[in-house]
Every structure is written in C-alpha cells, then in structure tokens.
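Asker: no sequence on this one, just coordinates:
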C-alpha cells in the first residue's frame, strides 16, 4: 500500500513537472500574443481615428444603400452593384438617425472592429497552418522550417501591412470584411484537410463563404474553389465523404435568399453584376475611364441608359428612377442593363500588363519578405526538392492563387487581394525545410532572420502611425465638410438638385452631408470642352443643365486659365458653384 502510494506520488510529481515545463514554454508565447494584440489594436485605432472624416465614392454608395435599408425601402436598396453586407451593418446607425457629421466616424469604427476580428481569424488560420506541418495531406515528414514564435512574428508583420496598407487604407470600403472571412475560411479548410473536422466545421465553412460573398460579389465564384478543395480532402476519408455535402448545402441555403431577391429585382438570374460590368467596360479595345460619367455606346441598345443631352460638350442626366446622392454611382447595373460582354484580345492583354505592373508594385512594397524567403530558400541546402513540396501544398495556395488570377483578368487594386497575398507568402515559407545538418543552429538563424525582416518592414508601419498621430493632433480642414457647410451658407437648401462638371476628385461625400442630389454631369474627359469651348456651347450646356432640374453647377475641376465669370468659390475650398436660372 505504501509502495503504491509512493509510486502514485512519483507519477503525480512527474505529471506536475511536465505541466510546469509546458507552461514555461507557453508563457513566452502568451506574453508575445498580448504584445502583438496591443500593437494591432494601437496601429488600427490610430488609422481609423485619423481617417474618421474621410469617405470615398464607394463609401457614399454604401451609405446611400444603408439609408434605404433603414427606411424599409427594399426595392431601392437591392441593386446589383454594391454587395449587401456593408450596408446591412451601416443601416442600424442610419435607422437611429445619428447626425450626418458622425456617420463617417461610425463607418470607420465599424471597419476597425472588423479589422480586430480579422486578426483573430488570422490567428486561427495561422495556428491551423502551424499544426499542419507534416500532416497527411502534405505527404512529408514532421520537420519544419520555422519555429512557432517565428511563424507568429512573421504572420504579424504580413497581417499588419496587408490589412492596414492594402485592404483597409482609407477604410471606407468592405475589403477588410473579405480579409476576415477569407482567413476564417482558410482556417476551416485546413482543419478539414487535417481530417479532424466535425460536421459543424463543414457547415461553418459554407456559412463563412456565404458571408464572404455578401461582403464582396467576387467571392461567389471563389467559394466554389474553396468547396472543391474541401471536397477532394473529404472524399479521401470514408467518414467525411457524405458529411462534406453539408458545406455546399450550408453555402446555398445562406446565399440563396440574397440571390433570389437580387434576381427578382433584376428580372433575370444573377448573383451580382459588378464583375460582369467591370469586364465589359474595362476589358475592351479601349480603356474606359474608372470615374464613369454616363458614357454609353448607342449601338449597345441598353434598356435604360443615362439620357444624353447635346454633344458639345455632352451632358448626361439621370434624375430618375434611381435614388442616392449620385444615382449614376448608386446602381450602375440599372443604367447599364443590357450590356453585352465581348472578348477583346488586345484589351485583355492590356489589362494583364496593368495587373502585372500592380503585382510588381505589391512585391516591391514587400521586398523585405522576398529577401527573407530567398535567404532561407538558398540556405536550406537543396533547392531541387522545393517545387515538389510546394506542389504538395496545392490545397492551401490554390484558392488564393485563383483569387489573384481572377482579379488580374479584369481590374486589380491591392485592397482586393490583400488576404490572398498573405496566404501565398505563408505557403511559400511553409514549403521550406531545415537543412540536413545543424538543424537547431539553422532554426535559430531563421528566427533571427524573421525578427530582422519584420523590424525592417515595420519602418513603414511606424511612419504611418506617426502620420496618423500628427493628423489626430493637428487635423487639417476637411474639405468635404467645408464644401457642405459652404453650400448651406450660400443658400443651397437640402433636397436641391445639382449638376457636376467632372467627377469630384476626392469624393462627392459633400453632397451627401448637405443632403443634395447630383442629377447630371459633364464627364471628366469633356471638362476642357466646357471651359474652353465657345460661349455658345457653354451657354447651351448650362441650358441643358437647367432642363435636368438642377439649380446650380458645382465643380472642383477648374483648369488653369478658365474663365470664372459667374462662378463663386465655395468657402476656402477648391470647389466653385455657378447658379443656374430657374426653369420656366
């Protein structure tokens, strides 16, 4: 009895010793995680607060849609251009009628909250990836290239840059939500690939992919890439062959209500028109302007294009039936209904060249990580085996690679591909392996190399934080607010209709702040025709503006040497206003 108790005591002490050792190993990681979270919170909040008064053209569109959701105007809110999730999340503030001066702050704080959630989902994805080294689907051994602390530090650096300066810079678009759901979907996918997934994991994957689609229409086709990769993994395991069906069923059940509502509103089957319209307009023999001013080809025979008044310069009117601050921007799918997609080889090659240039700029901005990868690649010893190891990771990089290719075919901005770039970087590092000799020494070397890389790359983050602090402590006058206040002081009453000469450079948020509606425009490419054309053509354009119901013309596109007789500067801003005579 005594011997048994002694043996039990020894076992208890050994277990306690093992637990203490494990806690000792975990405590540095726990402390590091707290520091990382502090860095993420501080940098994200500084950016959100310093940009809290800035709203892009896209942000105005989402806020206008949110207004209609808040008012219960469902038919006006549902359109094929803007994805719904962002407006759904903005609608509560509009329903509570928060002051217009605070709605931009609410929008940026919403994005800040999404940014924090994105880091949490990134932690989940990274943890799953760390645990997958040597998993069955990799068909390799348990050796690893980076230690867990190295992985987490490397992940932090990539996350901060991609989220703050790619996805969320300016912070008035839903791209940070795409980041959030992409990392969550990748983490769930990795769990499925490890054969550790329960039925709830498959359902969660389907729901998360539907949420990603609600955040951005482009995620709808990419969802099938995620589901396809999950299917290949599930089919390999007899216990999950049928359970996998829960993922596509969950995706369809979650996405179907919106697809049905949108299809009914458009009178045709559609999951969103943004990609189709972008391809039709941008991938053509001639590059179309991004700031669309209503130009259409009469040969297209569109169902209800913007109405063109005159030719020299052309005036486009779009007062009804689409609502919003700038109806032309509120729902491009209505004005371009009937657009046909035509393939153009010269146009496609032009777009691919532009995309290649953008990817080169992204790579250059992350050159520290490229240098780290190349150093570790050549230092590991044999390079010949690397391509085969990378190919074994196809299930990890394929969805992101598909996303990069999809945007490259149409139109590419860094904010569109932020999470895909990070996943691809991490996959490249995951395919590296320790050299055959001196593994521990090389593990230390790689850790110090990661530290040096992240510190050097953090220089840009620190400069950005310093700029944000300066903007908070010494804010510059916000021109959008000044224009809105100036127009109100000049007697332009809320609800009035205005015309534009050229699309506002920064944003037309001033019109939303002043509760005005822009109903006609001279496009950017025709601005010089107005200012330097004959007096007769200029007078004709003014009369056409009057015919649209506008009471004044507003512009920030005044070329040097333009005649400003009859125009008044709006406060101390770059905007000018020309009052129009009342329509008889």
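Answerer: Sure thing, it's come through. Because the structure is predicted, anything quoted here is derived from the model rather than measured.
Asker: For the rest of this, base every contact and every neighbour count on C-alpha atoms.
Answerer: Fine.
Asker: mind listing what's buried in the helix or strand encompassing residue 209?
Answerer: Using DSSP states H and E, residue 209 sits in helix 199-215. For helix 199-215, a neighbour-count test (16 or more other Cα atoms under 10 Å) marks 201-215 as buried.
Asker: and if you look at stretch 454-462?
Answerer: 454, 457-458, 461.
Asker: Which of the residues you listed lies at the shortest distance from residue 482?
Answerer: Nearest to residue 482 among the buried residues of stretch 454-462 is residue 461, at 30.3 Å by Cα to Cα.
Asker: any idea which helix or strand carries that closest one?
Answerer: Per DSSP H and E: helix 439-473 holds residue 461.
Asker: which helices and strands does that helix pack with?
Answerer: helix 2-50, helix 148-162, helix 367-379 (3 or more Cα pairs under 8 Å, 6 or more residues apart in numbering; DSSP states H and E).
Asker: and residue 578, that's in a helix?
Answerer: No: assessed with DSSP: H, G, I helix; E, B strand; the rest coil, residue 578 is strand; it does not lie in a helix.
Asker: can you pull out the strands in this protein?
Answerer: 307-309, 315-317, 497-501, 517-522, 552-555, 568-569, 576-579 (DSSP state E).
Asker: Tell me the confidence at residue 18?
Answerer: pLDDT, residue 18: 48.
Asker: That should have said residue 230, apologies.
Answerer: On the pLDDT scale, residue 230 gets 92.
Asker: Run through this protein and note the low-pLDDT ranges.
Answerer: Under the criterion pLDDT under 70, the flagged ranges of the chain are 1-26, 132-144, 238-240, 436-439, 583-584.
Asker: So it: which segments form each domain?
Answerer: Domain ranges of the chain: 26-265+372-399+425-472, 285-341+478-584, per automatic domain parsing.
Asker: Now render those as JSON lines, adding distance to residue 352.
Answerer: Listed next are the domains of the chain as JSON lines, based on distance: least, Cα to Cα, whole Å:
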{"stretch": "domain 26-265+372-399+425-472", "distance to residue 352": "18"}
{"stretch": "domain 285-341+478-584", "distance to residue 352": "13"}
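Asker: Among the ones you listed, which comes closest to residue 358?
Answerer: Nearest to residue 358, of all the domains of the chain, is domain 26-265+372-399+425-472, at 12.0 Å by Cα to Cα.
Asker: mind listing the helices in the stretch 51-200 of the chain by residue range?
Answerer: Using DSSP state H, counting those that start in this stretch, the helices of the stretch 51-200 of the chain run over 57-71, 74-77, 84-95, 100-131, 148-162, 175-193, 199-215.
Asker: what angle separates the first one from helix 84-95?
Answerer: An angle of 60 degrees separates the directions of helix 57-71 and helix 84-95 when computed by axes from the mean of the first three to the mean of the last three Cα atoms, to 10 degrees.
Asker: Just the buried residues of helix 57-71, please?
Answerer: So helix 57-71, judged by 16+ other Cα under 10 Å, has buried residues 57-70.
Asker: Packing partners of it?
Answerer: helix 74-77, helix 84-95, helix 327-330, helix 509-513.
Asker: angle of that helix against helix 100-131?
Answerer: Going by the same axes, to 10 degrees, helix 57-71 makes 110 degrees with helix 100-131.
Asker: Now do helix 57-71: everything it contacts.
Answerer: 74, 76-78, 82, 86-88, 90-92, 94-95, 172-173, 324-325, 329-330, 506-509, 512 (Cα atoms under 8 Å, 6 or more residues apart in numbering).
Asker: Just the buried ones from those residues?
Answerer: Of the contacts of helix 57-71, these count as buried by 16+ other Cα under 10 Å: 76-78, 82, 86-88, 90-91, 94, 172-173, 324-325, 329-330, 507-509, 512.
Asker: what's the offset of stretch 156-163 from the middle of its chain?
Answerer: The chain centre lies 14 Å from the centre of stretch 156-163; the measure is Cα atoms, centre = their mean, to the nearest Å.
Asker: likewise stretch 293-306?
Answerer: 29 Å.
Asker: Please enumerate residues in contact with that stretch?
Answerer: Applying Cα under 8 Å, 6+ apart, the contact partners of stretch 293-306 are 316-318, 328, 334-340, 502-503, 521-524.
Asker: Turn the buried ones among the residues you listed into a named ChimeraX selection, would you?
Answerer: Selection of buried members from the contacts of stretch 293-306 for ChimeraX, criterion 16+ other Cα under 10 Å:
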select :316,317,318,328,334,335,336,337,339,502,503,521,522,523,524
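Asker: Filter the contacts of stretch 293-306 down to the ones in helices?
Answerer: If you go by DSSP state H, the contacts of stretch 293-306 have 328, 334-335 in helices.
Asker: what distance separates the start and the end of stretch 502-510?
Answerer: With Cα to Cα, to the nearest Å as the measure, stretch 502-510 spans 15 Å from end to end.
Asker: which residues are contacting it?
Answerer: Taking Cα under 8 Å, 6+ apart as the rule, stretch 502-510 contacts 55-57, 60, 291, 293, 480-481, 483-484, 521-527, 555-557.
Asker: Then stretch 419-428?
Answerer: Contacts of stretch 419-428 (Cα under 8 Å, 6+ apart): 155, 158-159, 162, 178-179, 182-183, 373, 390, 393, 396-397, 400-401, 403-404.
Asker: follow-up on the earlier one: of the contacts of stretch 502-510, which qualify as buried by neighbour count?
Answerer: 55-57, 60, 293, 480-481, 483-484, 521-524, 526-527, 555-557.
Asker: I'd like the distance from stretch 474-494 to the chain centre, please.
Answerer: 29 Å.
Asker: List the buried residues for it?
Answerer: Buried, per 16+ other Cα under 10 Å, within stretch 474-494: 479-487, 492.
Asker: Residue 269: neighbouring residues, count only.
Answerer: Neighbour count for residue 269, taken as other Cα atoms under 10 Å: 13.
Asker: Tell me which residues touch the closest residue to it other than its chain neighbours, please.
Answerer: Leaving aside its sequence neighbours, residue 269 sits nearest to residue 263 (Cα to Cα, 6 or more residues apart in numbering; 4.8 Å). The contact partners of residue 263, by Cα under 8 Å, 6+ apart, come to 269-271.
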